[in-house]
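Undergrad: here's my sequence, what's the structure:
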Amino acid sequence: MDTRIGLALSGGGAKGFAHIGVLKVLEEAKIPVHVLAGTSMGGVVAAIYAAGHPAAEIEQIARSLRLLDIVQRDRTGLGLIGQDKIANRLREIMGGDPSFEQLRLPLALVASDLETGEEVVIREGSVVEAMLATMAVPILFPPVERQNRLLVDGGLLNQVPFDVVRQMAGGGTPIRVIAVHTLQGFPSKPGEPTAGESQQGAESVLRLLIRRSRWAPMFEVAERSYAIISRKQVERLMRQEPPDLMIEITLDGIGLLDLDRASVCVKAGEQAARQHIPEMLKLRDTPPPSWLARWWHTMIEKL
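TA: Numbering: from 1, shown residues only. The predicted structure follows:
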């Protein structure tokens, strides 16, 4: 029985660039990825990888992104930043607007239904539209209307969708699940500058203007609160049916929009993944346990 590897990538805004570092290490260690699921920025990285772009190419894309590429006024009144420029950039990266069926790897993107409160796992239709939905952080971006549903960021309900990866196996070969969780570090109080940030160039000027706006401190408090809730949510899911491996990456002072710090995030992802290479090689080379064995192991751990 061949072993399949599934990868679950968390949200986290610019912190999600750390997933690229994990993908680089997986490629170097010749650990194939067969299935992907992602939330928010993790969903964006997962979608680009599922479309056939290698990690090194995704890294170059990340390094080239700037706030000026995405910042525009939202005209719906439901967010601070519109998504038209982001949508155009995603279509450019994806080579158009492919459907899920056209991707090279199976992919699931997670969003939240703003009207019903339900988790929505997207596996069909427009990939770019699904990417916009999974990353539609409330307040920052407007909700995305898709199939008569109003969708926002999937991190509200499932920050690290390792359960979704497990479900993607269906009745076929079980999947070994590697989950990657980018965690928010809090080295300073809301509104204070973060050590290590560039203070020069157009990017830093734009960041400074954003942070000096009257709504910036309130948004940072909301972002930190969001991170705390997400962390507790993941801890709960870990007790129910944990992935085969959880890689945690803590990034101090990286905000949702700190796109110019991609290099820092990618390096952190590489360092974290390298610490787990022996475990990942073992997962690759060892047949997955049966559903019954996983259930029994979970029951024993709860005792």
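Undergrad: so what's the spatially most central residue of the chain closest to, chain neighbours aside?
TA: Taking CA atoms, centre = their mean as the criterion, residue 42 is the residue nearest the geometric centre of the chain, at 1.6 Å. Nearest non-adjacent residue to residue 42, counting by CB to CB, 6 or more residues apart in numbering: residue 9, 3.0 Å away. For the C-beta atoms, the positions are set from N, CA and C on the backbone; glycine is no exception.
Undergrad: what sits opposite that neighbour in the beta ladder?
TA: residue 38, residue 180 (DSSP bridges).
Undergrad: oh, and call the first residue 32 from now on, that's how I've got it
TA: Renumbered: residue one is now 32, and that last one reads residue 40.
Undergrad: ok, it - how many residues close by?
TA: For residue 40, the tally of surrounding residues (other CB atoms under 10 Å) stands at 33.
Undergrad: and the residue nearest to the centre of the chain, what helix or strand is that in?
TA: helix 72-81 (DSSP states H and E).
Undergrad: between helix 72-81 and the helix or strand following that helix, find me the angle.
TA: Moving toward the C-terminus from helix 72-81, the first helix or strand encountered (DSSP H and E) is helix 86-95. Orientation check (axes from the mean of the first three to the mean of the last three CA atoms, to 10 degrees): helix 86-95 against helix 72-81 gives 130 degrees.
Undergrad: all helices of this structure, in order?
TA: 49-59, 72-81, 86-95, 98-101, 115-125, 158-165, 193-198, 232-242, 247-271, 293-305, 308-316, 322-333 (DSSP state H).
Undergrad: so which bits of the first one are buried?
TA: Buried residues in helix 49-59, counting neighbours by 16 or more other CB atoms under 10 Å, are found at 49, 50, 51, 52, 53, 54, 55, 56, 57.
Undergrad: my read: the first one touches residue 303, true?
TA: Which is residue 49. Yes. Residue 49 is in contact with residue 303 according to CB atoms under 8 Å; the separation is 7.3 Å.
Undergrad: between helix 115-125 and the helix holding residue 73, find me the angle.
TA: 30 degrees.
Undergrad: so what does helix 72-81 touch, helix or strand wise?
TA: In this structure, helix 72-81 packs against strand 35-40, helix 49-59, strand 66-70, helix 86-95, helix 115-125, strand 138-144, helix 158-165, with contacts taken as 3 or more CB pairs under 8 Å, 6 or more residues apart in numbering; DSSP states H and E.
Undergrad: CA atoms of that helix as PDB?
TA: Output in PDB follows, covering the C-alpha atoms of helix 72-81 (Å, rounded to 0.1, in the frame of the first residue of the first chain):
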ATOM      1  CA  MET A  72      -2.800  32.600   3.300                       C
ATOM      2  CA  GLY A  73      -2.200  28.900   3.700                       C
ATOM      3  CA  GLY A  74      -4.900  28.300   1.200                       C
ATOM      4  CA  VAL A  75      -3.300  30.800  -1.300                       C
ATOM      5  CA  VAL A  76       0.100  29.000  -1.000                       C
ATOM      6  CA  ALA A  77      -1.600  25.600  -1.300                       C
ATOM      7  CA  ALA A  78      -3.500  26.600  -4.400                       C
ATOM      8  CA  ILE A  79      -0.400  27.900  -6.100                       C
ATOM      9  CA  TYR A  80       1.500  24.800  -5.300                       C
ATOM     10  CA  ALA A  81      -1.400  22.600  -6.400                       C
END
